[in-house]
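>>> after the sequence you'll find the predicted model.
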Amino acid sequence: MTSTARRLIQGAYFEPVDLKVLRDAFGQVWASIAPLYGKDAATLDAAQQELATIILDLAKDGQLHSRPPDARGLSPRSQST
């Protein structure tokens, strides 16, 4: 997880146990989609920021408890068009 993505998640207002769930969710999804983004540091950082934002939005809406996130629909924009 890049420092920017880490700051997004760590800076969110959730209980410590919920932050662990968010970090774990990020790690699981990132592991499945990371190879799609190549090795360019700027591309990886942007993708991780976007994933962190998606996970935080799901958590704020209460959706992480009812449905664990997965990689469906979380592919690079350039490959989804």
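Thanks, I have it. Values in this document were obtained by computation on a predicted structure and should not be read as measured data. Numbering: from 1, shown residues only.

>>> can you give me the buried ones in the helix or strand hosting Ala25?
If you go by DSSP states H and E, Ala25 is part of helix 16-33. Residues 19, 21-23, 25-26, 29-30, 33 are the ones in helix 16-33 that count as buried (16 or more other Cβ atoms under 10 Å). Yep, even glycine has a C-beta here, placed from its N, CA and C like the rest.

>>> C-terminal to it, what's the next element?
helix 41-60.

>>> that following helix vs helix 16-33, what angle?
130 degrees (axes from the mean of the first three to the mean of the last three Cα atoms, to 10 degrees).

>>> and helix 41-60, what does it pack against?
In terms of contacts (3 or more Cβ pairs under 8 Å, 6 or more residues apart in numbering; DSSP states H and E), helix 41-60 is packed against helix 3-10, helix 16-33.

>>> out of those helices, which gets nearest to Asp61?
Of all these, helix 16-33 sits nearest to Asp61, with 13.0 Å by Cβ to Cβ.

>>> so how far is the closest one from its chain's centroid?
Remark: helix 16-33 is offset 7 Å from the chain centroid, using Cα atoms, centre = their mean, to the nearest Å.
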